[in-house]
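In: compute the structure for the input listed below.
(2 chains)
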Amino acid sequence: MFQIFPNINVDWMGWRKPLIAVSILLLLAGLISAVGRQLTPGGTNAFNLGVDFQGGTFITAKFQGQKPSEDAIRQELQNVGVSEAVIQASTDKQDEVLIKVPLIEGDAANQTAEDAASQNAANTNQSTDPSAQIAAENQAQNNLVNAGRNKVREALNTFGKEAEGTTALTDDPNAAYKIVGTDYVGPVAGEQLRNQAVIATLLGLVGILLFIAFRYDWTYAAGAVIAVFHDVLITLAFFSIFQWEVSLTVLAALLTLVGFSVNDSIVIFDRIRENLRLYRDRSLYALTNQSINQTMSRTIVTNGLVFLSVLALVLFGGEVLRGFSLALFVGCITGTYSTIAIASPIAIWWQDKLGAAEVKRTDVQKTEQLASASRRSVSRRPIAR
Amino acid sequence: MKNSSLWIRTAIIAAVTLIGIYLVIGPRGAIDANDFTWQGIKNNVSENINLGLDLRGGSQLVMRVKTDDYLRTLTENNQNAAVLAAQEAQLPVADGSFVAENNNYQITLNLTDPAQAQAVIDAVKQKVDFSGWTESTNGNQINWTLPVAAQKVLAAQAVTQAEQIIESRINAFGVKEPTFARHGATDSGQLLLQMPGVDDPERVKELIGKTSKLELMKIVGPPNPSPVQTYPTQEAAQASIAGAPNRRVLVYTDRDAPLPASPNQPEPPKQYVVVETPAVVDGNELRDAAAVSRTGNDSDYQISFSFKPNGAQKFGDWTGKNIGNYMAVVLDEEVKSAAYIKSQIFDSGEISGRFTKATAEDLSLTLKSGALPAEIEYQEERTVGPSLGADSIRAGVAASVAGLIFIVIFMLIYYRGAGVNAVIALILNMLLTLAGLIVLDSTLTLPGIAGLILGIGMAVDSNVLIFERMREELRAGKSVAKSVEQGFDRAFITIVDTHITTILSSVILYMFGSGPIRGFAVTLILGLLINLFSAVFVSRTIFMWLLERNPNMKKLSI
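Out: Alright, predicted model coming up:
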């Protein structure tokens, strides 16, 4: 047999305080980054939200021949009145540029809105004319939809003309670029997606909490769910610190890592439950350590493999999957870590409180009491085998 | 006995695998020799698996019917009609007003003689449809209020109507394989349109979004031979009304004014006219509309239209009484043309006003499909060009294959003989997940590929859990047969627990998530369910075969 860890015997629970301290430090760093960025005037926001959540237009433009530099594009966009564009070269495709434009209330939209307003004002003293006013407002709104793309087109046209209509870029030797992808999300849809995301995540967590409480015990459910919160928060902390973009796919990744982290906790909880029945005379503290050590080779192998698949995603998954891959990359590390450092200590700490006994390695006097306390809660439900 | 159960297991596995293979690479029609060539298999796979718009390229639009505008217009029209009906019946109604905001829609008529209230209500109700409204009288006032429940019913009707109209516009325009459906919550008024292969949705958006409300109205002013009464500013036009009821100011662009030489040159100045409301006839009475060239020039088109019998009768009566007066052709609150009535006209007319061939064709198409009950607004648009989609497929597949190859190599080195089981289970898992997507007629999207990859991760985890458990049992000195049995039994509980938790959160994702997230949830749920079969049932059967051939096996390759 080829083994990575044949027999390890580490006192994981003894390390719980330093490990929890590391988590708290990371969370604090994330909090400082988020709050600091939010409060710094003129600076970046707490999170670099994608157009999915804050609205705006995201454009992928493919160039042919000489690709203009990011600064040149930014300059041209500024010339047409878009000052807050984010321009980014695609990391995996040399000829593509990604341009993110916030919701525009540009000249066109403003003009029409003002028209509507003046019309409105003119109408107030006479019989009001809501239909005309609505028509003008609508026009303004639909201008808003196209404004982002049109502004980018206007700016990019200074570098050469766009391949028209359905002609592919390579079929038109005179064209300099073509917009190959557009994502527009309006303010209402953005808010909707944001709310939906938060609701789905919270409901998912409640579902997990109930399931673990049903299969094990409230203490374990609490441990697992707090660990999951920890993982999500730490991943978000990384997204805030490094200003990676938070998009819908990042949300999918966060939910995946919720499942993943709970998965890890359950493997260890399952082993604790089994050991509790096998070794009635040992303390919960010792049993938790033993369970973590017993499942360690599984933890290393599985998480190692998942980690490497995620690494493959980060390296080869391309720009569209970037946020997803990064979120999983961070989540996969914290997910493994939090099971040992967060979920298990919280579960046994709570058990310990319930049993009104102290967790001490060598306290033989109290083991019976502790074991019965844990049996009471953990093995309440006999497992059919 | 044991042998027969083993055969049954094997038969089940073989049957499921064959069905899976057929679903993924088999043809949907009759089998021919081509289906056994590499190219034939590739064609079948791409035909069987529905790719999402993000992978195959296309455009997706989320739009909302502005139901609040619809209710507002309805309230306004009812108010005007009510005042008119009462005045025509010579009843003492001074004026009317309405409120239309914050889910509060109310019409108020002010009477000069409260005793006549019932007479007014009767007269109004003969002409105006107030079903669903609650009426009340209060001194000099008659109020009609639209309760929230009725608002919802009317809004839902408007959305259904808009849905039908937009659908007929899409079909008439010739979008290929469109998907068009309700979106979001039931009363959100949102519609989702997906158009594969479309990478520039501007014209479709224009076409769909046009209200195309056509009205023929009388222009207030002296009759021919004086020219049309126009005003240079809106204020001047407004002032000329001087409190007269049933008047409205509209923008008018004179079609015979010289065209701007280049698009950069400013448009000719706007003019304003005053028209009488309500309209003589509107777009609902249209029978047909067509784009015709005015001068044989491609940039100078007009739209000719004809009325249904009812509309033609109304129009004929009115034109007969108004010879010499000016009439405005109003499209979406803008006067497109103004002409004086030479003689009685019954059933046809035309709209001119600087249309190109394309805009004239689109406009006649929207006119024929009917006016939208309310404007629509676009809330979301996602367009992926075919090349970007193909790149995403390549990236997703490259990442999956790289991850998979690594996993296979590792499992074979680390678990030796048992690693073969794991590899078979993994391949079967992928095959059956794709087959499941085909059975469910689900589309494979980019997040879907991510779900597939995670399903594979969970499949590997199941194998690792089982194998590590077997190793532990072997180390504890148990026999090979006992270790295999206990390894599966013990690990099974953990595997079920982990799978249920993940399936649970995926189901919640599916229920509350939107499009892309759903694609992710579906592949993950499928992958996990199939995993219980491939990683547990199939893998165990392989071990059972090994033990069957050599019941006293001393050493297991794991």
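In: count of neighbours near B:D122?
Out: 11 (other CB atoms under 10 Å in any protein chain shown). Where you see a C-beta, it was placed from the backbone N, CA and C, and this is true even at glycine.
In: and B:R394, by the same measure?
Out: 12.
In: which residue packs closest to it, ignoring adjacent ones?
Out: Counting by CB to CB, 6 or more residues apart in numbering or on different chains, the nearest residue to B:R394 once its immediate chain neighbours are dropped is A:G318, at 7.9 Å.
In: residues touching the one you found, list them.
Out: A:D92, A:K93, B:D391, B:S392, B:R394, B:A395, B:G396, B:A399 (CB atoms under 8 Å, 6 or more residues apart in numbering or on different chains).
In: now the residue nearest to B:F543 when sequence neighbours are not counted: phi and psi?
Out: Leaving aside its chain neighbours, B:F543 sits nearest to B:V484 (4.9 Å; criterion: CB to CB, 6+ apart). Backbone torsions for B:V484, taken as degrees, to the nearest 10, come to phi -60, psi -50.
In: and what of the one 3 residues further on?
Out: The main-chain torsion angles of B:G487 are listed as degrees, to the nearest 10 and equal phi -60, psi -50.
In: thought it was touching B:K478?
Out: No - with contact defined as CB atoms under 8 Å, B:G487 does not count as touching B:K478 (9.5 Å).
In: the more surrounded of the two?
Out: More neighbours surround B:G487 than the other of B:G487 and B:K478, with 26 against 16 (other CB under 10 Å).
In: which secondary structure state does A:Q243 sit in?
Out: coil (DSSP: H, G, I helix; E, B strand; the rest coil).
In: show me the contacts for the closest residue to it other than its chain neighbours.
Out: Leaving aside its chain neighbours, A:Q243 sits nearest to A:N48 (4.5 Å; criterion: CB to CB, 6+ apart). Going by CB under 8 Å, 6+ apart, A:N48 touches A:F239, A:Q243, A:W244, A:E245, A:V246.
In: same thing with A:E84?
Out: A:V101, A:P102.
In: and it, how far is that from chain B?
Out: Using CB to the nearest CB, to the nearest Å, A:E84 is found at 20 Å from chain B.
In: same question for A:N9.
Out: Taking CB to the nearest CB, one finds A:N9 at 15 Å from chain B.
In: what segments of the stretch 251-385 of chain A are helices?
Out: A:284-294, A:296-316, A:322-338, A:344-354, A:364-378 (DSSP state H, counting those that start in this stretch).
In: quick check: B:N325 touching B:K218?
Out: Yes - counting by CB under 8 Å, B:N325 touches B:K218, with 6.2 Å between them.
In: phi and psi next, for B:I376.
Out: Dihedral angles for B:I376 - degrees, to the nearest 10 - are phi -120, psi 150.
In: before we move on, what about B:G139?
Out: phi 60, psi -120.
In: what does the pLDDT read for the closest residue to it other than its chain neighbours?
Out: Spatially, and ignoring its direct neighbours in sequence, B:G139 is nearest to B:P114 (6.0 Å; CB to CB, 6+ apart). pLDDT, B:P114: 81.
In: low-scoring stretches of the chain, by residue?
Out: You didn't pick a chain, so chain A it is. A:1-7, A:42-43, A:91-92, A:104-146, A:164-168, A:355-385 (pLDDT under 70).
In: hmm, I had chain B in mind actually
Out: In chain B (pLDDT under 70), the answer is B:1-2, B:224, B:243, B:254-269, B:296-298, B:352-354, B:514-516.
In: grab the most central residue of it for me.
Out: B:L192 (1.1 Å; CA atoms, centre = their mean).
In: list the neighbouring strands of the host helix or strand of it plus their orientation.
Out: Assessed by DSSP states H and E, B:L192 sits inside strand B:190-196. If you go by DSSP bridges, strand B:190-196 pairs up with strand B:58-65 (antiparallel), strand B:179-183 (antiparallel).
In: what does that strand contact?
Out: So strand B:190-196 is contacted by B:53, B:56-65, B:159, B:162-163, B:166, B:170, B:175-184, B:201, B:204, B:208, B:376, B:379, B:515 (CB under 8 Å, 6+ apart).
In: how about the next helix or strand after it: buried residues?
Out: Sequence-wise, the next helix or strand beyond strand B:190-196 is helix B:202-209, with elements assigned using DSSP H and E. Neighbour counts using 16 or more other CB atoms under 10 Å in any protein chain shown place B:V204, B:K205, B:E206, B:L207, B:I208, B:G209 of helix B:202-209 among the buried residues.
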